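Asker: Quick check, what structure comes out for this input:
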Amino acid sequence: MRLFKSTLFAFICVALSTVAYGQNKNIQKADLEFSAQGYSQAATLYISEVTKIKNMDEKGRVLNNIAECYRLTRNYAASLEYYEKAINAKYDKKSADVYLHYGMALQEMERLEDATAQFTKYKERGGDAGVAESRIAACNNAALAKKASNKSRIVAENVEFLNSPEMDYGLAYSSKKYDEFVFSSSRKESTGSATDPVTGAEFQDLYVAKLDKKNKFVGAPSPVNSSVNTEAHEGAAAMDRDYKNLIFTRCGYDKKDRMGCDLYTSSRQGDNYAAPTLIDILDRTADDSSRVGQPCVTPDEKYLLFASNMPGGKGGRDIWYLTWDKKAKKWSDPKNLSSVNTDGDEYYPFVDDNGMLYFASNGYGGLGGLDIYKAASTGEMTYGTPTALPAPINSSSDDFALIIDKKYDLGFGCYFTSNRPGGKGKDDIWHAIENPLEFTMTGIAYNRNNPTQTLANCAVTVVGEGPDGTTVTYNVTTNENGAFFLDKSQVNAESKYSVNVSKENFIGSMNNKFSTRGAKESTNYQQDYFLIPIELKEYPMPTVLYPYDRAELLINSEVNSADSLSYLLTIMQENPNIVVQLESHTDARGDDKYNQELSQRRAQTCVDYLIGKGIPADRLIAKGMGETSPRTIKQGDRISPELLAEFSYGTTITEAYIATLTNKDAQDRAHQLNRRTTFRIVRADYVPKGSK
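Answerer: The predicted structure is shown next:
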């Protein structure tokens with residue numbers, strides 16, 4: 001929406017070219033229209049005369065102006081032909097800006113590589129290097145963002161039902177039920193027969209669009225009644241909190257001049273609106289050209305935000321605001337929203353129910369054209385550093401006029417306006433939603449002793465804990481292929497899960513965990529579970545240590561033997577049919593009989609610990625092994641990688657072997673490996689009390 005720029009340079013060009021080339025009257029009229037931003041009329045006049053121009057400098061200037069007329073009215077495809085013709089007429093020798101503007105048109109059309117080439121030429125031919133590099137960076141960012149959007153959960157679609165071949169923009173709610181909107185359009189049905197000399201389109205009017213019960217737009221958009229719509233421009237609008245008053249933009253025009261824009265308010269009367277009244281913001285006797293528009297009322301109705309190029313701002317267009325004075329029942333003088341404004345242009349403010357400000361700007365770099373930003377509130381009408389919304393909401397074209405979709409309850413949803421390729425008209429209304437994260441879980445149970453064998457009919461218990469601490473339990477069974485599956489209704493965002501897999505005559509795979517907390521992408525969690533066939537043999541377990549010459553469990557900064565026993569506790573809790581013998585071993589130092597008694601006490605300590613945790617005493621047997629069974633290092637032993645590197649698989653740590661170790665520390669480590677507690681499953685037919 002950046003059609004209104006400073007005209008000083010254009011007027012100077014008109015004056016100089018008239019003297020130098022003795023222009024005909026149509027070229028003079030075209031120059032005047034161009035300087036007054038009447039781009040549509042200017043283009044028509046230029047095109048009617050350009051072939052008659054003999055002087056190549058003048059021909060190049062006129063061709064460039066035609067291209068500019070098309071670019072500034074968003075007819076980018078048409079502008080490309082005339083930029084090429086202007087360059088062929090050597091106009092680039094007069095001004096490197098032809099490459100800059102050519103690149104900007106290409107950038108709006110998302111022809112990013114071609115645009116980069118033109119910006120590079122602009123720099124090489126003496127253009128502003130900073131501007132060129134900024135534009136090239138924007139193209140690179142847009143290319144990366146477009147690539148990233150292919151993996152994005154955000155989907156943007158053109159709201160074809162609302163859009164026309166002309167300009168359609170600025171959707172705003174006009175109903176408490178969020179099922180009715182107003183928006184601005186320059187479609188052919190607009191009031192009046194004249195066309196805007198700036199754009200060549202009909203003057204813009206406000207239209208109403210409605211949603212049905214399925215949240216689909218229904219019925220052709222209808223114009224707001226004639227007390228609001230006039231032969232002037234009626235543009236971007238907003239409603240108050242109760243949806244009783246419409247606030248909208250009106251830009252005056254007569255055949256002699258394009259005048260400023262102001263905000264008006266009109267009270268609702270059924271399906272129509274009363275005669276509007278001016279919101280007095282500027283002294284029009286002193287300033288008849290500044291433009292005020294694009295209103296937004298904050299949810300608490302304390303502030304009215306708008307965009308304006310009035311004096312005192314930071315750039316071309318800035319966001320300003322008025323404060324409602326309850327006592328005086330009027331709006332305050334305008335203040336600049338300096339925390340978000342730049343030396344570029346800021347447009348279309350919108351504040352959501354959480355106080356987040358959304359707006360469009362070309363002053364932050366971005367992807368090209370206007371981009372949509374958001375900024376969190378940090379106080380009364382102050383905001384933090386703005387951040388750009390991701391592609392595909394933002395693009396290398398103009399993107400602006402965002403409002404939140406209040407009907408979409410599965411995540412972030414919004415409506416916005418864009419002139420990107422793929423639309424129906426010059427500006428189109430688009431709808432974007434962020435698809436919710438979806439999580440699933442697939443598990444397969446295997447026989448650990450035969451890893452190619454899957455296990456059917458395993459009992460699987462999954463316990464999930466949500467972000468609020470609530471829990472849910474799912475009980476499923478593995479299929480004939482050993483697999484089980486949890487669908488998206490069972491695996492939720494920001495939750496953690498514990499999975500236990502059990503089967504008769506197998507040691508279950510217990511307390512396995514996965515979590516969706518912090519996940520940024522939809523995921524199918526996959527995990528294999530290996531169950532150990534129950535055999536009447538010794539099983540290794542995490543290290544259980546004891547103080548020297550004593551039988552209580554050792555707990556210090558290096559080891560927590562109680563935690564080590566929790567491994568066996570979990571196995572016994574999840575496999576209630578097994579009976580276990582705990583076997584404690586000592587090293588070979590000391591008296592044989594004493595070592596036997598010490599190991600028995602240590603084994604009993606382990607049994608007593610498990611009984612204290614609720615395991616029935618008749619499922620536990622304590623057996624001291626003394627120094628009779630030196631350890632053989634085997635696959636599956638729970639020892640550190642450092643010890644495994646020192647004592648390799650197959651090593652039996654006998655006294656004779658220890659004697660071969662010349663390092664005393666190594667001998668101590670060998671003795672420590674022999675001091676161990678293991679368990680042996682001796683039965684798998686235990687029937688818990690109370691079971692039938």
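
Asker: Check which helices and strands the longest strand seen in the chain is in contact with.
Answerer: With DSSP state E setting the assignment, residue counts place strand 257-269 as the longest strand in the chain. Taking 3 or more CB pairs under 8 Å, 6 or more residues apart in numbering; DSSP states H and E as the contact definition, the neighbouring helices and strands of strand 257-269 are strand 245-254, strand 277-278, strand 292-297. All C-beta spots, glycine's among them, are computed from the backbone N, C-alpha and C.

Asker: most tightly surrounded among those?
Answerer: When the helices and strands packed on strand 257-269 are scored by mean count of other CB atoms under 10 Å, the highest mean neighbour count falls to strand 292-297 (a mean of 25).

Asker: can you give me the offset of that one from its chain's centre?
Answerer: For strand 292-297, the distance between its averaged C-alpha position and the chain's averaged C-alpha position is 27 Å (CA atoms, centre = their mean, to the nearest Å).

Asker: Not counting that strand itself, show me its contacts.
Answerer: For strand 292-297, the surrounding residues in contact (CB atoms under 8 Å, 6 or more residues apart in numbering) are 170, 235-241, 247-249, 251, 260-263, 281-282, 303-308, 310, 347-351, 401.

Asker: That one - which strands sit beside it in the sheet, and in what orientation?
Answerer: Sheet neighbours of strand 292-297, with direction, are listed as strand 303-308 (antiparallel) (DSSP bridges).

Asker: Next secondary structure element downstream of the partner strand?
Answerer: Following the chain from strand 303-308 toward its C-terminal end, the next helix or strand by DSSP states H and E is strand 318-325.

Asker: on that earlier part again, next, the angle from the longest strand of the chain to strand 303-308.
Answerer: Angle, strand 257-269 to strand 303-308, by axes from the mean of the first three to the mean of the last three CA atoms, to 10 degrees: 160 degrees.

Asker: Give me the mean pLDDT for strand 257-269.
Answerer: Confidence for strand 257-269, expressed as mean pLDDT, is 84.

Asker: One more: stretch 90-100?
Answerer: Per-residue pLDDT values across stretch 90-100 average out to 93.

Asker: circling back: in TSV, list the helices and strands packed on strand 257-269 along with mean pLDDT and distance to residue 98.
Answerer: TSV is the format used below for the helices and strands packed on strand 257-269 (pLDDT from 0 to 100; distance: least, CB to CB, whole Å):
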stretch	mean pLDDT	distance to residue 98
strand 245-254	86	30
strand 277-278	94	42
strand 292-297	95	31
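
Asker: could the ones you listed go into JSON lines alongside distance to residue 191?
Answerer: What follows is those, written out as JSON lines (distance: least, CB to CB, whole Å):
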{"stretch": "strand 245-254", "distance to residue 191": "12"}
{"stretch": "strand 277-278", "distance to residue 191": "19"}
{"stretch": "strand 292-297", "distance to residue 191": "18"}
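
Asker: May I see the PyMOL selection of the buried members of the contacts of strand 292-297?
Answerer: Selecting in PyMOL just the buried members of the contacts of strand 292-297, where the criterion is 16 or more other CB atoms under 10 Å, is done with this command:
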select buried, resi 170+235+236+237+238+239+247+248+249+251+260+261+262+263+281+282+303+304+305+306+307+308+310+347+348+349+350+351+401
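
Asker: for residue 226, phi and psi?
Answerer: The phi and psi values for residue 226, taken as degrees, to the nearest 10, are phi -70, psi -10.

Asker: any idea what sits nearest it, other than its immediate chain neighbours?
Answerer: Sequence neighbours aside, residue 191 is the residue nearest to residue 226 in space, at 7.0 Å (criterion: CB to CB, 6 or more residues apart in numbering).

Asker: Residue 223 is in contact with the one you found, correct?
Answerer: Yes - taking contact to mean CB atoms under 8 Å, the distance of 7.2 Å between residue 191 and residue 223 places them in contact.

Asker: what touches both of these two?
Answerer: Shared contacts of residue 191 and residue 223, defined by CB under 8 Å, 6+ apart, comprise 205, 229.

Asker: need the strands for the stretch 451-600 of the chain, in chain order.
Answerer: Here the stretch 451-600 of the chain has its strands, by DSSP state E, counting those that start in this stretch, at 459-465, 471-477, 483-491, 496-502, 506-507, 509-515, 523-533, 538-539, 579-585.

Asker: any idea how far residue 221 lies from residue 164?
Answerer: Plainly put, residue 221 is 9 Å away from residue 164 if you go by CB to CB, to the nearest Å.

Asker: list the residues that contact both of those two?
Answerer: By CB under 8 Å, 6+ apart, the residues touching both residue 221 and residue 164 are residue 185.

Asker: any chance you could map the helices in the chain?
Answerer: Taking DSSP state H to define them, one finds helices in the chain at 8-21, 25-35, 39-49, 56-72, 76-88, 97-108, 112-124, 129-149, 561-574, 592-612, 641-646, 655-659, 664-674.

Asker: Restrict the fourth one to CA atoms and write it as PDB.
Answerer: These are the backbone C-alpha positions of helix 56-72, laid out as PDB (Å, rounded to 0.1, in the frame of the first residue of the first chain):
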ATOM      1  CA  MET A  56      16.800   8.700 -26.800                       C
ATOM      2  CA  ASP A  57      17.300  10.300 -23.400                       C
ATOM      3  CA  GLU A  58      13.700  11.500 -23.300                       C
ATOM      4  CA  LYS A  59      12.500   8.100 -24.600                       C
ATOM      5  CA  GLY A  60      14.400   6.300 -21.800                       C
ATOM      6  CA  ARG A  61      12.900   8.600 -19.200                       C
ATOM      7  CA  VAL A  62       9.400   8.100 -20.400                       C
ATOM      8  CA  LEU A  63       9.800   4.300 -20.700                       C
ATOM      9  CA  ASN A  64      11.200   4.200 -17.100                       C
ATOM     10  CA  ASN A  65       8.200   6.300 -15.900                       C
ATOM     11  CA  ILE A  66       5.800   3.800 -17.600                       C
ATOM     12  CA  ALA A  67       7.500   1.000 -15.800                       C
ATOM     13  CA  GLU A  68       7.300   2.900 -12.500                       C
ATOM     14  CA  CYS A  69       3.500   3.500 -13.100                       C
ATOM     15  CA  TYR A  70       3.000  -0.200 -13.400                       C
ATOM     16  CA  ARG A  71       5.200  -1.100 -10.500                       C
ATOM     17  CA  LEU A  72       3.600   1.400  -8.100                       C
END
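
Asker: between that helix and helix 39-49, how many degrees?
Answerer: Angle, helix 56-72 to helix 39-49, by the same axes, to 10 degrees: 150 degrees.

Asker: counting contacts, what elements does helix 56-72 pack onto?
Answerer: With 3+ CB pairs under 8 Å, 6+ apart as the test, helix 56-72 has helix 8-21, helix 25-35, helix 39-49, helix 76-88, helix 97-108 packed against it.

Asker: Take the ones you listed and write them to CSV, including distance to residue 132 and mean neighbour count.
Answerer: Written out in CSV, the entries for the helices and strands packed on helix 56-72 read as follows (distance: least, CB to CB, whole Å; neighbours: other CB atoms under 10 Å):
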stretch, distance to residue 132, mean neighbour count
helix 8-21, 19, 14
helix 25-35, 25, 19
helix 39-49, 25, 21
helix 76-88, 16, 19
helix 97-108, 7, 24
